[in-house]
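Undergrad: Predicted model and sequence follow; I will ask about them next.
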Amino acid sequence: MNSADAFATLDLRVGRIIRAEPNERARKPAHKLWIDFGPLGEKTSSAQIRTLYPAETLAGRLVIAAVNLGTRNIAGFQSEVLVLGLPDAEGNVVLLAAEREVPLGGRVY
């Protein structure tokens, strides 16, 4: 498989966080997220982003997520998508996001 084919197998989409709350059972500090992906519907994710993002600041935020990696059980919570981020200088996760409003469910290419 060439690199273009490998990238094409990953389904990255934009969604809007509609609800967030701490995932108190997670080993590492995480939030439970409910994300609206427009035509793909609402999906859930457990994301290790509590250091930089208090739960009350997340609703309405656009995020980029991998939507085709399967569901995982994270500390008793069904995580259906992987929200993407990258580390800052201290190793804290900084969310990847669209820099302006785009249709929910739009595919990254």
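TA: That came in fine, so what should we check first?
Undergrad: Kindly confirm my reading that residue 8 forms part of a strand.
TA: No: counting by DSSP: H, G, I helix; E, B strand; the rest coil, residue 8 is not part of a strand but helix.
Undergrad: Kindly state the pLDDT recorded for it?
TA: For residue 8, the model assigns a pLDDT of 73.
Undergrad: how near is it to residue 80?
TA: Shown here: residue 8 relative to residue 80, a distance of 21 Å by CB to CB, to the nearest Å. C-beta coordinates here come from the backbone N, C-alpha and C atoms, glycine included.
Undergrad: who has more neighbours, those two?
TA: Each of residue 8 and residue 80 has its neighbours counted (other CB atoms under 10 Å); residue 80 has more, 18 against 11.
Undergrad: mind checking pLDDT for the residue lying closest to the more buried one once chain neighbours are set aside?
TA: Excluding its sequence neighbours, the residue lying closest to residue 80 (CB to CB, 6 or more residues apart in numbering) is residue 43, at 4.4 Å. On pLDDT, residue 43 comes in at 98.
Undergrad: What residues of the helix or strand where residue 43 lies count as buried?
TA: Using DSSP states H and E, residue 43 maps to strand 42-47. Of the residues in strand 42-47, those buried by neighbour count under the rule 16 or more other CB atoms under 10 Å are 43-47.
Undergrad: Please apply the same query to stretch 67-77.
TA: Of the residues in stretch 67-77, those buried under the neighbour-count criterion (16+ other CB under 10 Å) are 67, 74, 77.
Undergrad: Longest strand in the chain, please.
TA: Longest strand in the chain by number of residues (criterion: DSSP state E): strand 12-22.
Undergrad: Tell me where this protein has helices.
TA: Listed from the start of the chain, the chain has helices (DSSP state H) covering 3-9.
Undergrad: Quick check: residue 55 touching residue 17?
TA: No: here residue 55 does not reach residue 17: they are 9.8 Å apart, not a contact under CB atoms under 8 Å.
Undergrad: got the end-to-end distance for stretch 41-55?
TA: According to CA to CA, to the nearest Å, stretch 41-55 extends 21 Å from its N-terminal end residue to its C-terminal end residue.
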